[in-house]
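In: the sequence and its predicted three-dimensional model are supplied below.
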Amino acid sequence: MIAFIKGFVADVTEDSVIVENQGIGYRIFTTSAVLTEVTVGMEVK
């Protein structure tokens, strides 16, 4: 299991964010509260 991913937001969808880390895009499903706080290009962990 993956504990965390640190990278940059590549895209925000209605139920997930795509986090790019070293050329790989990870789709992470999350809550609508989190989705309103993130923007493309933002560094996240």
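Out: Perfect, thanks for sending it.

In: residues contacting residue 43?
Out: For residue 43, the contact set (C-beta atoms under 8 Å, 6 or more residues apart in numbering) comprises 6-8. All C-beta spots, glycine's among them, are computed from the backbone N, C-alpha and C.

In: same check, this time on residue 22
Out: residue 7.

In: next one: the one helix or strand residue 34 maps to to chain centre, how far?
Out: Using DSSP states H and E, residue 34 sits in helix 32-35. The chain centroid and the centroid of helix 32-35 are separated by 11 Å, computed with C-alpha atoms, centre = their mean, to the nearest Å.

In: per-residue confidence for residue 44?
Out: At residue 44, the model reports a pLDDT of 97.

In: ignore the last one, residue 16
Out: 98.

In: beta partners for it?
Out: residue 29 (DSSP bridges).

In: restricted to strands, list the contacts of residue 43.
Out: Under the assignment DSSP state E, the contacts of residue 43 contribute 7-8 to strands.

In: from the contacts of residue 43, pick the one nearest residue 21.
Out: residue 7 (3.5 Å; C-beta to C-beta).

In: was I right to think that closest one contacts residue 20?
Out: Yes - in this structure, residue 7 is within contact of residue 20 by C-beta atoms under 8 Å, at 5.2 Å.

In: in stretch 15-25, what's buried?
Out: 17-19 (16 or more other C-beta atoms under 10 Å).

In: what distance do you get for residue 18 to residue 40?
Out: According to C-beta to C-beta, to the nearest Å, residue 18 and residue 40 sit 9 Å apart.

In: how about residue 11?
Out: For residue 11, the distance to residue 40 - C-beta to C-beta - is 7 Å.

In: before we move on, what about residue 3?
Out: The gap separating residue 3 from residue 40 is 24 Å, by C-beta to C-beta.
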